[in-house]
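Q: Take a look and give me a structure for this.
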Amino acid sequence: MRHRPSLLAIVLILLFGLASCKKGPSAEELASTHAAETAAAASPTPLPTDTPTVTATPTDTATPTSTHTPTQTPTVTATATPTDTPTNTPTATKTPTPTKTFTPTKTPGPFTFKDDFSSRNLDAWPMCIFNCEWKDGKLYMGPYSDDNDFHEVLCEACGRYKYYRMSVDTTFVEGYADRPWGLTIAANNSFSVFFGISPFQFAVVSKWDYSVGEWIDLISSRQQWTTLINPSYGNNHLEVIISPNQAGTGADYTIKINGKNAYVIPSQQARASQVGFAIGWQSMGVWYDNFEFEEIEEK
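A: Here you go, the predicted structure:
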């Protein structure tokens, strides 16, 4: 059986013939090219030639949308709560130990001191720590358990003056009614003058002289009876004025009982003195109220 040449054989014969007539690629090169084309036609995916260099294609990064750019957070500063401006704290100073002597501050014009005894005041009446007490808005003295026949309290707040006026309300409370009580109207280093009354309406004005150590009566008798005194438990207002005498060489004592002149004792020694209250015996109790003291200025 006679075989017909295939299409491939015919193509190869023609190619060889052309190759002999015309300079060109060799038969091997043509065969290689034909084989490559045939393979390319048979496969949808071309065969790779040289191994390609893989270049990483950067993936497009999505451009971020505009976001809110934060502003700088301010540093939080604590707002101080306003407080009162502190005052300077005074440096504590040592408090001086108080003495029994009260020195009043001199003010323009005559010095005055008043006490209604509504409160305890040992600065004004330091001797009351032993001899008296404050009760019911009054100052009480006596009775006493000792054997002393004279008790007094002096007014430190009143100071020491030559001339002055003093007054007080006073009443007998208990004890022996034949004893005098009243006022120390002048007390200094040379003498002390006592003006007293009794519930039996007797009055006494006597001076204790330190140079001779005895009492000297300044009125006609040791005790004088007078109706100016309210007897028994009656209240009595006593007043004493020690003023310059006319000659200017001494002091006149004017003594009043319940607003009326009882005695005038002229030309006594003028000396800066203290004043106060006194009881002429231990077995008597009395009270004082509404005390007033006023300096009389020298002209």
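Q: so where do the helices sit in the protein?
A: 7-21, 27-42, 128-131 (DSSP state H).
Q: Residue 116 and residue 277: what is the separation?
A: Distance, residue 116 to residue 277, using CB to CB, to the nearest Å: 15 Å. (Each C-beta comes from the backbone N, C-alpha and C, glycine too.)
Q: The two - which one has more neighbours?
A: The neighbour comparison of residue 116 against residue 277 (other CB atoms under 10 Å) goes to residue 277, with 26 against 13.
Q: so what's that one up against?
A: By CB atoms under 8 Å, 6 or more residues apart in numbering, residue 277 lies in contact with 132, 139, 141, 152-153, 168, 170, 181-184, 288.
Q: Mind checking which of those land in strands?
A: Under the assignment DSSP state E, the contacts of residue 277 contribute 132, 139, 141, 152-153, 168, 170, 181-184, 288 to strands.
Q: any weak-confidence spans in this protein?
A: Applying pLDDT under 70 to the chain flags residues 1-108.
Q: and with 90 instead?
A: For the chain, the stretches with pLDDT under 90 are 1-109, 130-131, 145-149, 176-179, 220-223, 246-249, 280-283, 298-299.
Q: Compute the number of surrounding residues for residue 133.
A: 12.
Q: these two touch, right, it and residue 153?
A: No: Residue 133 lies out of contact with residue 153 (CB atoms under 8 Å); the separation is 10.6 Å.
Q: Now do the strands in the stretch 151-299 of the chain.
A: Secondary structure of the stretch 151-299 of the chain (DSSP state E, counting those that start in this stretch): strands at 151-154, 164-175, 181-187, 191-197, 202-209, 214-217, 224-225, 235-244, 251-257, 260-268, 274-279, 284-295.
Q: Give me the angle between the second one and strand 181-187.
A: By that I understand strand 164-175. In terms of direction (axes from the mean of the first three to the mean of the last three CA atoms, to 10 degrees), strand 164-175 departs from strand 181-187 by 150 degrees.
Q: And for the fourth one?
A: Using the same axes, to 10 degrees, the direction of strand 191-197 lies 160 degrees away from that of strand 181-187.
Q: contacting residues for residue 293?
A: 112-114, 155, 158, 164-166, 275.
Q: Nearest to residue 256, out of those residues: which one, please.
A: Distance to residue 256, by CB to CB, is smallest for residue 165 among the contacts of residue 293, at 10.0 Å.
Q: how far away is that closest one from residue 276?
A: Taken as CB to CB, the span from residue 165 to residue 276 is 15 Å.
Q: ok, now residue 158?
A: Plainly put, residue 158 is 8 Å away from residue 276 if you go by CB to CB.
Q: Those two: which has the busier surroundings?
A: residue 158 (25 against 21).
Q: Next, give phi and psi for the more buried one.
A: The phi and psi values for residue 158, taken as degrees, to the nearest 10, are phi -80, psi -20.
Q: my read: it touches residue 272, true?
A: No: Residue 158 lies out of contact with residue 272 (CB under 8 Å); the separation is 11.3 Å.
Q: mind listing what residue 140 touches?
A: So residue 140 contacts 132-134, 173, 285-287 (CB under 8 Å, 6+ apart).
Q: redo that, cut-off 10 Å
A: 117, 128, 131-134, 173, 285-288 (CB atoms under 10 Å, 6 or more residues apart in numbering).
Q: Could you do residue 232 as well?
A: Contacts for residue 232 (CB under 10 Å, 6+ apart) come out as 171-172, 177, 199-201.
Q: Recalculate using a threshold of 8 Å.
A: 172, 177, 199 are the contacts of residue 232 under CB under 8 Å, 6+ apart.
Q: Tell me how far it lies from residue 275.
A: Residue 232 is 26 Å from residue 275, where distance means CB to CB.
Q: got it, and residue 251?
A: From residue 251 to residue 275 the distance is 13 Å (CB to CB).
Q: do residue 192 as well
A: Taking CB to CB, one finds residue 192 at 10 Å from residue 275.
Q: so how far is the first residue of stretch 114-127 from its last?
A: Terminal residues of stretch 114-127 lie 17 Å apart, using CA to CA, to the nearest Å.
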